[in-house]
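# Compute the structure for the input listed below.
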Amino acid sequence: MILIADCGSTKIDWCIVNNGKVEKQVFTMGMNAIMLTEEEMRSRIADELMPEISGYSIEAVHFYGAGCISPEVCANVARAISANIPGAKSVNVHTDLLAAARALCGHSEGIACILGTGSNSCYYDGSEIRDNVSPLGYILGDEGSGAVLGKLLVGDVLKNQLPKDLCDKFLAEYDLDRLTIIRRVYKEPQGNRFLASVTPFLLANIERPEIHSLVLNSFKAFFVRNIQQYPGYRSLSVNFIGSIAYYYRDVLAEAAEACGCRIGTIIKSPMQGLIQYHSA
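Coordinates of the predicted model:
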């Protein structure tokens, strides 16, 4: 049996898989590996995961996680897992971007992208990531992400760039005013999550030309500033994972066509694709 983990900052999806079949699925509290010590991760796994999977003989672990961006961090995670599952012959720790690539492309070459609260992309050779344009976060980059779409929406509302009825509707629907928005973005932690949280307004009003244009232009910026940096982007499929890509797929396809890109697979989360990848 193998244990596959898709770890985000909010939750971790753990699946015990035997010959391609899910034996058990467990959800635990999320963690960002770069923000926690090895001891903290070990304790969380012991308290939240181990009581749920006792009795299962795990031979290998494949952990894909937020913050797993350096060999040192990956080694910390691996040791925290091994301390709890000493019988595992191998513990492999990778980035969430590789999870997206393997879930989307399997063993085939392609371009894999994440469009959720943040955005990211890579060229994938069918096994490993070979090129990555740095996303730079929602202040300097993250084009097309929920945080950036929310930032553009809030900015247009506060600077009266949208019709008055849309501005009033947005502020009333989310019970916001200028000072509250400024405090949530600049004074409180995780401003990116706050900004991403207002994107359902865009989807609900996507038929309005001003909203459609805002979303379309942000997606175009994602393709121009990220995807077009990969050699051969015109011939390779561009594949997406994440809630923004999934729910805005029609506008995303419109942006791709305008930028000379061909969209392949769009899925909301990676686990099923990871199960197929590791069971092949």
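# Run through who's touching the longest helix that the chain contains.
Secondary structure of the chain read by DSSP state H shows that its longest helix is helix 209-225. Helix 209-225 is contacted from outside by 113, 115, 119, 121, 133, 141, 143-144, 148-149, 152-153, 156, 161-163, 166, 202, 205-206, 238, 248, 251-252, 254-256, 258-259, 261, using CB atoms under 8 Å, 6 or more residues apart in numbering. Yep, even glycine has a C-beta here, placed from its N, CA and C like the rest.
# Which of the residues you listed are buried, as a ChimeraX select command?
Those of the contacts of helix 209-225 that count as buried under 16 or more other CB atoms under 10 Å are selected in ChimeraX with:
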select :113,115,119,121,133,141,143,144,148,149,152,153,156,162,166,202,205,206,238,248,251,252,254,255,256,259,261
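# Buried residues in the longest helix of the chain, which are they?
Those would be 211-212, 214-216, 218-223, 225, for helix 209-225 by 16+ other CB under 10 Å.
# Can you give the distance of the very next helix or strand once past it from its chain's centre?
Once the chain leaves helix 209-225, the next helix or strand it forms, by DSSP states H and E, is strand 237-241. Offset of strand 237-241 from its chain centre (CA atoms, centre = their mean, to the nearest Å): 12 Å.
# now what about whichever helix or strand comes after strand 237-241, what contacts it?
Downstream of strand 237-241, the first helix or strand assigned by DSSP H and E is helix 243-247. Defining contact as CB under 8 Å, 6+ apart, one finds that helix 243-247 is touched by 113, 115-116, 119, 144-146, 149, 199, 203, 240, 252, 266-268.
# Closest one of those to residue 59?
residue 267 (27.1 Å; CB to CB).
# Identify the bridge partners of the closest one.
residue 241 (DSSP bridges).
# That one contacts residue 241, correct?
Yes. Using CB atoms under 8 Å, residue 267 is in contact with residue 241, at 5.4 Å.
# can you redo the buried residues of helix 209-225 as TSV with pLDDT and distance to residue 35?
Shown next, in TSV, are those (pLDDT from 0 to 100; distance: CB to CB, whole Å):
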residue	pLDDT	distance to residue 35
211	97	34
212	97	37
214	97	32
215	97	31
216	98	34
218	97	28
219	97	30
220	97	33
221	97	29
222	97	26
223	97	31
225	96	27
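# which of the residues you listed lies closest to residue 23?
Using CB to CB, those come closest to residue 23 at residue 222, 37.8 Å.
# Contact partners for residue 184?
191, 194.
# and the helix-or-strand element of the chain with minimal mean pLDDT, what does it pack onto?
Sorted by mean pLDDT, DSSP states H and E, the helices and strands of the chain end with helix 137-140, the least confident at a mean of 83. For helix 137-140, the packing partners by 3 or more CB pairs under 8 Å, 6 or more residues apart in numbering; DSSP states H and E come out as helix 146-158, helix 191-197.
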